[in-house]
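K.L.:
Quick one, structure for this:
(chains A and B)
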There are 2 protein chains.
Amino acid sequence: MGYTVQGFKASAVAAGLKNKGGLDLALIHAENPATAAGVFTTNLVKAAPVILSMEHIRDGKARAIIANAGNANACTGLQGMQDAQQTAKSVSKRLAISPQEVLVASTGVIGETLNMNALEKSLVPLVASLSPDGFEDAAKAIMTTDSFPKMARFEGVAGGRPFKIAGMAKGAGMIMPNMATMLSFILTDISIEVAVLQDALREGVEKTFNRTSVDGDTSTNDTVFALASGMAGNGALSQEDHAEFLSGLTRVMDDLAQMIARDGEGATKFVTVELRGAVSAPEALAGARTVANSALVKTAVYGRDPNWGRIMAALGRAGISMEESLTDIWIDDVQIVKGGLGCGKEAEKRAGERMEKDAFVIIIELHLGGFSEKMYTCDFSHEYVSINADYRT
Amino acid sequence: MGYTVQGFKASAVAAGLKNKGGLDLALIHAENPATAAGVFTTNLVKAAPVILSMEHIRDGKARAIIANAGNANACTGLQGMQDAQQTAKSVSKRLAISPQEVLVASTGVIGETLNMNALEKSLVPLVASLSPDGFEDAAKAIMTTDSFPKMARFEGVAGGRPFKIAGMAKGAGMIMPNMATMLSFILTDISIEVAVLQDALREGVEKTFNRTSVDGDTSTNDTVFALASGMAGNGALSQEDHAEFLSGLTRVMDDLAQMIARDGEGATKFVTVELRGAVSAPEALAGARTVANSALVKTAVYGRDPNWGRIMAALGRAGISMEESLTDIWIDDVQIVKGGLGCGKEAEKRAGERMEKDAFVIIIELHLGGFSEKMYTCDFSHEYVSINADYRT
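P.N.:
Okay, the predicted model is just below:
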């Protein structure tokens, strides 16, 4: 099957943790101890499952991921930690592994304790339905306000042996550089050292998920796990193999990151903001990020309005070197600003036509240096406000 | 009259610069050269009138402010500078003063050149209608998406003589700490040295307008002018007089700042975010600002939802010292978080009732140190999106 990875099974059930019903509890099981790496939220307020999983992954091994949607188990104090521990313990019993081998992830409402009764009851059918083809169900079960499950894959060759990477992700609101209410689980059958996997994951996250912004908020629950079963049977990774794996991993995460921005809460447009010609990479990123996060730019995108003045204003407050009179801006192939000045009504009309598409690129050229960066974002719509004003009610 | 200040006249006309019509050109005229201070946008992209006024105010004197709404004269290059200069020149001729004595301010759409023809034609009726009672008309003329004119005043005593401060402001969207598409003109009849006035203005702006956030964007046009006619006839300011003036000036600007947040684009709620118990003043402000700017918090406020998890998440990413388990949160007098944990459904219900009011306070106590700061903000509504998606169309 498309997302099957040697050495892993997955499953999902409806445990009743989501208000709106549907699949909400996912399990991934590695037949043998898998090499495990993780990247976690930078928020000082960390959900109980994040704190627990940071501990459990420290030895670089894992055999299971249990993830629920509907309740974030964040800001739940001692009770929350006990519930996360109990979840790991119960899963470990059913799979005959140790609690330390179980990684836990949660996403959903903050500040309410988990319905452990419902969760515990669901473990029996959850374990019973583990299957090599369970990946897609698991991807559905971790959705919250997502409108579609997010999956991506890559197939490559290492040491003469084919290997595979399959990733799932969820995330729609609270998405912002430095992670988001974003969960992503990456499975691969490659054989890889844990330090190499951890470095690759961190580097990939930086280039992909951390280049994605929906609303500028950072969640308490963000978690990316990568599990490697080693069943591809490749030997030690050559430099070339390593490059292939890194590129494949980054591609999978880039695909997922783009899907997250496309599926931003209430989003009607997927926008790539590309900043070129900055004096440094951090400045290129800061500029792209400020434009991508600007509520005024995002509402203009929703209105299909090539309101480049708002882009200039965002650049001017981004804390980066920029010269108004050197700055050029394009919407896709249509230049709307040249040397800091508008290119006229005709150009804006054609740019507005480009903005009717589901996806387009805002290209900014500062003409100051040789550094470029991009950010993925989406527009700010009426629907975003509706989703977030009514989330709990 | 209520906003009349000795030594000043004001007027306004409909010059046809606003798409929707109405008063859009304001003039303030000082009978004698007034002591003048200014604070300007920190945005690197500065509108032409900002650049010109920064020059004109350098000598600490001014005799006129000409301000238009409907067009920001920003990102308009050389033409924009020429138009701003021409405006100052034309006004100076009609008032028989020098162009250097004229301060210029603009607010509205970015990237389009001013309709100089319409502006020039309107100067005759504008000057003809100058009146000691013209303050309110001028306050109306500088409105863009504002729903009401913003005026505040203060009366005090210095050197045994009564003095008065009257301020007007506009600003609804693009409001953010470090100024906003915000114009504010403060008139006073006190006699004061220019350096003292400049310091007082800067300090007051920092404590008031820079504590106000609507959408996290910073405009290219922000300008605060203070003009003092000296006609109160007080002598040199004593320490006590100085304190009285500073407190009055800050009160006027604080009133205006609150009106700006209340009138935030699409706002239905006025919210004060008060952060207490931080380890330093900058951290107190950074924490309050992050909560006040969070799109998730602002949409929850719109939904009258005491979703304290989003407040905790914002604090956790604010880059400040905080301990989840020490943090308390109130909505007005209702505690909803104690020691990092929710206070239960009953407390949330009562907090939700407080949020039905037009205005309320979110109080956060970190219990880490002795520093407090506050921010003024508003909610994020469907109407905000409508206003900003359709602004130019």
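K.L.:
going forward, measure contacts and count neighbours with C-alpha atoms only.
P.N.:
Will do.
K.L.:
Any buried residues in stretch A:95-114, and which?
P.N.:
A:95, A:97-114 (16 or more other Cα atoms under 10 Å in any protein chain shown).
K.L.:
Please enumerate the helices of chain A.
P.N.:
Using DSSP state H, the helices of chain A run over A:48-56, A:77-95, A:116-128, A:135-141, A:194-207, A:239-262, A:281-293, A:295-302, A:308-316, A:345-354, A:382-389.
K.L.:
residues from the stretch 1-150 of chain A in reach of chain B?
P.N.:
When proximity is defined by Cα under 8 Å from any Cα of the partner chain, the stretch 1-150 of chain A lies next to chain B at A:42-45, A:74-77, A:109-112.
K.L.:
In contact with whatever residue of the stretch 101-250 of chain A ends up closest to chain B, which residues?
P.N.:
Residue nearest to chain B within the stretch 101-250 of chain A: A:I110 (4.9 Å; Cα to the nearest Cα). Taking Cα atoms under 8 Å, 6 or more residues apart in numbering or on different chains as the criterion, A:I110 is in contact with A:71-75, B:309-310.
K.L.:
again, only using 6 Å
P.N.:
By Cα atoms under 6 Å, 6 or more residues apart in numbering or on different chains, the contact list for A:I110 reads A:72, A:74, B:309.
K.L.:
quick one, phi psi at the second one?
P.N.:
Backbone torsions for A:A74, taken as degrees, to the nearest 10, come to phi -120, psi 150.
K.L.:
List the residues that contact it.
P.N.:
Contacts of A:A74 by Cα under 6 Å, 6+ apart are A:47-48, A:110-111.
K.L.:
Could you dump those residues into a markdown table with pLDDT and distance to A:D146 added?
P.N.:
Converted to a markdown table, the contacts of A:A74 look like this (pLDDT from 0 to 100; distance: Cα to Cα, whole Å):
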| residue | pLDDT | distance to A:D146 |
| --- | --- | --- |
| A:A47 | 91 | 20 |
| A:A48 | 95 | 23 |
| A:I110 | 83 | 17 |
| A:G111 | 87 | 21 |
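K.L.:
Show me how chain A divides into domains.
P.N.:
A:8-262, A:270-389 (automatic domain parsing).
K.L.:
returning to that earlier point: lowest average pLDDT across the helices of chain A?
P.N.:
When those are ranked by mean pLDDT, helix A:382-389 comes last with a mean of 71.
K.L.:
Up against chain B, what does the stretch 251-393 of chain A have?
P.N.:
Contacts of the stretch 251-393 of chain A with chain B, taken as Cα under 6 Å from any Cα of the partner chain, map to A:299-300, A:302-303, A:309, A:313, A:316-317, A:341, A:382, A:385, A:388-389.
K.L.:
let's see it at 8 Å
P.N.:
Residues of the stretch 251-393 of chain A lying near chain B (Cα under 8 Å from any Cα): A:294-296, A:299-305, A:307-310, A:312-317, A:322, A:324-325, A:340-342, A:380-382, A:385-386, A:388-390, A:392-393.
K.L.:
Kindly check the end-to-end length of stretch A:263-281 for me.
P.N.:
27 Å (Cα to Cα, to the nearest Å).
K.L.:
in that stretch, what's buried?
P.N.:
A:263-281.
K.L.:
Now do it: distance to the chain's middle.
P.N.:
15 Å (Cα atoms, centre = their mean, to the nearest Å).
K.L.:
ditto for stretch A:146-157
P.N.:
With Cα atoms, centre = their mean, you get 12 Å for stretch A:146-157.
K.L.:
avg pLDDT for it?
P.N.:
For stretch A:146-157, the per-residue pLDDT averages 94.
K.L.:
repeat for stretch A:324-343
P.N.:
96.
K.L.:
What separates the first and last residues of that stretch, distance-wise?
P.N.:
First-to-last residue span, stretch A:324-343, Cα to Cα: 14 Å.
K.L.:
If you count neighbours, what's buried in that stretch?
P.N.:
For stretch A:324-343, using 16+ other Cα under 10 Å, the buried residues are A:324-325, A:327-331, A:334-343.
K.L.:
and for it, what are the contacting residues?
P.N.:
Against stretch A:324-343 from outside (Cα under 8 Å, 6+ apart): A:306, A:308, A:312, A:344, A:347-348, A:350-351, A:354-355, A:360-367, B:44-45, B:75-77, B:111-112.
K.L.:
Narrow those to those that are buried.
P.N.:
A:306, A:308, A:312, A:347-348, A:350-351, A:354-355, A:360-367, B:44-45, B:75-77, B:111-112.
K.L.:
that older thread, so which of the helices of chain A comes closest to A:A158?
P.N.:
helix A:239-262 (4.9 Å; Cα to Cα).
K.L.:
From the rest of the structure, what touches the closest one?
P.N.:
So helix A:239-262 is contacted by A:150-159, A:165-172, A:200-201, A:204-205, A:207-209, A:211-214, A:268-270, A:376-378 (Cα under 8 Å, 6+ apart).
K.L.:
what about 7 Å?
P.N.:
A:150-154, A:156, A:158-159, A:165, A:167, A:169, A:171-172, A:200, A:204, A:208-209, A:212-214, A:269-270, A:376-378 (Cα atoms under 7 Å, 6 or more residues apart in numbering or on different chains).
K.L.:
Take those and keep only those in strands.
P.N.:
A:150-154, A:156, A:158, A:165, A:167, A:169, A:270, A:376-378 (DSSP state E).
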